[in-house]
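S.K.: coordinates only, sequence not included:
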């Protein structure tokens, strides 16, 4: 007989007679908290439920969980599972152990997760009147299996009461303090260490790479030729910091409210909250911190700039909660949010903006916003899907959407052409007709962007794509050369075209 096979059979027999393995859910089996997830889903459906939650809590935490579970549905397949712990649980199941899901989450959620995973023989969970947490969970497990009659896998302070009465303890993603406490009161036979939360993860959650969009606040300085005005540059810099903090506030809130859709997305599923790298309560702290930073930077800005910044925050939050699901209205809002940055830059530096600049900005960013939606639909088409999660678009909308987006880009090119012969351009530039050269440059960049979208190459925000695109840098250099030449050089071309 094969000795290895004999040892394997012996191990399975020993595990079959081992105490039941009881596994916690929140923070242990999954890298999130189901109550937090469910509340966010509820608020995503209707933000007014926020005012109902305190009254439901008056009846007890169990009643709150039960009420929320009746109103929302959790998708078990999309939850961020602790893969290492789950693989080990499946291994224990294959060896014949009796596996129990013991959780403080509501039974409605627990039963769905147990059915989805298929490795649990029994489920102990909270109901409408009993919250199965800490001492209540200990009492239930001791009553069911006897004192020291079960092994228990957990992660939090509430699990200490259970570990004290278990046969063996399994510590999963616990803090060092909880892990040490578990070692003192139970025989810890296995531990899954909690991955360290790196500073990079926090910056990813705040979407620091998106701050590049806030450089638009410097556009009024450049178009008004006041880039050497120290006071104006200082105000614009403070506004940049304020907008970056405000944008991060709204990005975090958006990610917290959009967890389900993000987890279904091939790229967004790697975001820190969607994949469980950060807990949802940490997201709330990060959003409050960014909001406080916004207020600090805004305190040094003119009142008009603060009002515009406040409008940006309100509009962005409205977009995250409601407007992003509205057909076409969502891209109009995105174009407006880009243009608001430019308007705020003018308010912060006391520079009067021209109708040309505002109109050009609206049409250019409308084209880019539609381009982003088209790229998402192209990805869905490639994946043989018909509808975008969390959006109102279908793949059959691609053709009219593309027409709108390309047309908006061409209108932006036309506005550049008309601006070159305007009275305002004549007063600001030595050779305003040289600005006509910007039209073919912009036409080339926009057309190339859309062609890449049709090819399925563009898989992200067009502005973030441009930041990583060498050709876009060449276009920016060409634009700077043309603008500087038009501003400071008197050319025969200008006299010829007059």
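M.R.: That came through, no problem. Note that this is a predicted model, so its numbers are computed, not measured.
S.K.: can you show me the helices along the stretch 101-250 of the chain?
M.R.: In the stretch 101-250 of the chain, the segments counted as helices under DSSP state H, counting those that start in this stretch are 107-117, 135-145, 160-163, 176-185, 199-205, 219-223, 230-257.
S.K.: packing partners for the strand or helix carrying residue 69?
M.R.: Secondary structure assignment for residue 69, by DSSP states H and E: helix 61-71. For helix 61-71, the packing partners by 3 or more Cβ pairs under 8 Å, 6 or more residues apart in numbering; DSSP states H and E come out as helix 34-45, helix 53-57, strand 99-106, helix 107-117, strand 122-126. In short, each C-beta sits where N, CA and C put it, glycine included.
S.K.: pick the most deeply packed of the ones you listed.
M.R.: The highest average neighbour count among the helices and strands packed on helix 61-71, using mean count of other Cβ atoms under 10 Å, belongs to strand 99-106 at a mean of 25.
S.K.: parallel or antiparallel, list what pairs with it.
M.R.: Applying DSSP bridges to the sheet, strand 99-106 is found paired with strand 21-23 (parallel), strand 122-126 (parallel).
S.K.: so can I have JSON lines of the ones you listed showing distance to residue 144 and mean pLDDT?
M.R.: JSON lines is the format used below for those (distance: least, Cβ to Cβ, whole Å; pLDDT from 0 to 100):
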{"stretch": "strand 21-23", "distance to residue 144": "9", "mean pLDDT": "97"}
{"stretch": "strand 122-126", "distance to residue 144": "7", "mean pLDDT": "96"}
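S.K.: can you give me how far stretch 60-68 is from the chain middle?
M.R.: Chain-centre distance of stretch 60-68: 28 Å, with Cα atoms, centre = their mean, to the nearest Å.
S.K.: contacts for it next, please.
M.R.: Applying Cβ atoms under 8 Å, 6 or more residues apart in numbering, the contact partners of stretch 60-68 are 35, 38-39, 42, 53, 56-57, 104-106, 108, 126-131, 133.
S.K.: now the helices and strands packed on helix 61-71 as a markdown table including distance to residue 139?
M.R.: Converted to a markdown table, the helices and strands packed on helix 61-71 look like this (distance: least, Cβ to Cβ, whole Å):
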| stretch | distance to residue 139 |
| --- | --- |
| helix 34-45 | 21 |
| helix 53-57 | 23 |
| strand 99-106 | 12 |
| helix 107-117 | 17 |
| strand 122-126 | 11 |
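S.K.: quick one: closest of those to residue 459.
M.R.: Residue 459 sits nearest to helix 34-45 of all those, at 25.4 Å, using Cβ to Cβ.
S.K.: contacts for that closest one next, please.
M.R.: 25-26, 49-50, 53, 64-65, 68-69, 71-74, 79, 105-106, 109, 256-260, 279-281, 321.
S.K.: recalculate using a threshold of 7 Å.
M.R.: 25-26, 49-50, 53, 65, 68-69, 71-72, 74, 105, 109, 256-257, 259-260, 280-281 (Cβ atoms under 7 Å, 6 or more residues apart in numbering).
S.K.: next one: stretch 461-469
M.R.: With contacts defined as Cβ under 7 Å, 6+ apart, stretch 461-469 is touched by 209, 212-213, 368, 371-372, 449, 458, 472.
S.K.: and residue 181, how many neighbours?
M.R.: Look at residue 181: counted by other Cβ atoms under 10 Å, it has 18 neighbours.
S.K.: just list the residues touching the closest residue to it other than its chain neighbours, thanks.
M.R.: Excluding the flanking residues, the one nearest residue 181 by Cβ to Cβ, 6 or more residues apart in numbering is residue 160, at 5.7 Å. When contacts are counted by Cβ under 7 Å, 6+ apart, residue 160 touches 181-182, 185.
S.K.: ok, now with 10 Å
M.R.: 134, 138, 154, 169, 174, 178, 181-182, 184-186 (Cβ atoms under 10 Å, 6 or more residues apart in numbering).
S.K.: cool, and residue 378?
M.R.: Taking Cβ under 10 Å, 6+ apart as the criterion, residue 378 is in contact with 395, 398, 402, 453-459.
S.K.: could you identify the buried members of those residues?
M.R.: With neighbours counted by 16 or more other Cβ atoms under 10 Å, these contain buried members at 395, 398, 402, 453, 458.
S.K.: count of residues packed around the spatially closest residue to residue 130 that is not a sequence neighbour?
M.R.: Once flanking residues are discounted, residue 130 sits nearest to residue 62: 5.6 Å by Cβ to Cβ, 6+ apart. Neighbour count for residue 62, taken as other Cβ under 10 Å: 19.
S.K.: so residue 62 versus residue 208, what's the distance?
M.R.: In this view, residue 62 and residue 208 are 40 Å apart by Cβ to Cβ, to the nearest Å.
S.K.: what's the spacing between residue 25 and residue 447?
M.R.: Going from residue 25 to residue 447 by Cβ to Cβ gives 52 Å.
S.K.: these two: which has the busier surroundings?
M.R.: Taking neighbours as other Cβ under 10 Å, residue 25 and residue 447 compare with residue 25 leading, 23 against 14.
S.K.: number of nearby residues for residue 193?
M.R.: If you count neighbours by other Cβ under 10 Å, residue 193 ends up with 12.
S.K.: mind listing what it touches?
M.R.: Contact partners of residue 193, counting by Cβ under 10 Å, 6+ apart, are 84, 171-174, 176, 179.
S.K.: from those residues, which two are the most distant?
M.R.: Put simply, by Cβ to Cβ the two of those set farthest apart are 84 and 176, 18.2 Å from each other.
S.K.: out of those two, which sits in the busier spot?
M.R.: Per other Cβ under 10 Å, whichever of residue 84 and residue 176 has more neighbours is residue 84, with 12 against 9.
S.K.: what's the neighbour count on the closest residue to residue 151 other than its chain neighbours?
M.R.: Closest residue in space to residue 151, ignoring its immediate chain neighbours: residue 168 at 4.5 Å, by Cβ to Cβ, 6+ apart. The local packing of residue 168 (other Cβ under 10 Å) involves 18 other residues.
S.K.: distance of residue 168 from residue 18?
M.R.: Between residue 168 and residue 18 the computed distance is 9 Å (Cβ to Cβ).
S.K.: list the residues that contact both of the two?
M.R.: Shared contacts of residue 168 and residue 18 (Cβ under 10 Å, 6+ apart): 150-151.
S.K.: returning to what we had before: which of the contacts of stretch 461-469 has the weakest pLDDT?
M.R.: Lowest pLDDT of the contacts of stretch 461-469: residue 458, 83.
S.K.: helix or strand: which one has that one?
M.R.: Per DSSP H and E: residue 458 is located in neither a helix nor a strand.
S.K.: contacting residues around it?
M.R.: 371-372, 374-376, 378-379, 449-452, 465, 469.
S.K.: for stretch 366-385, buried residues please.
M.R.: Residues of stretch 366-385 classed as buried: 366-380 (neighbour count, 16+ other Cβ under 10 Å).
S.K.: ugh, typo on my part, it should be stretch 256-273
M.R.: Buried residues in stretch 256-273, counted by 16+ other Cβ under 10 Å: 256-265, 268, 271-273.
S.K.: just stretch 398-418 next, same as before
M.R.: Under 16+ other Cβ under 10 Å, the buried positions of stretch 398-418 are 398, 401-402, 404-406, 408-413, 415-416.
S.K.: which of these sit farthest apart?
M.R.: Within the buried residues of stretch 398-418, two members stand farthest from each other by Cβ to Cβ: 398 and 416, at 27.4 Å.
S.K.: and the residue nearest to residue 130, what's its pLDDT?
M.R.: Looking at residue 62, its pLDDT is 94.
S.K.: cheers, nothing more for now.
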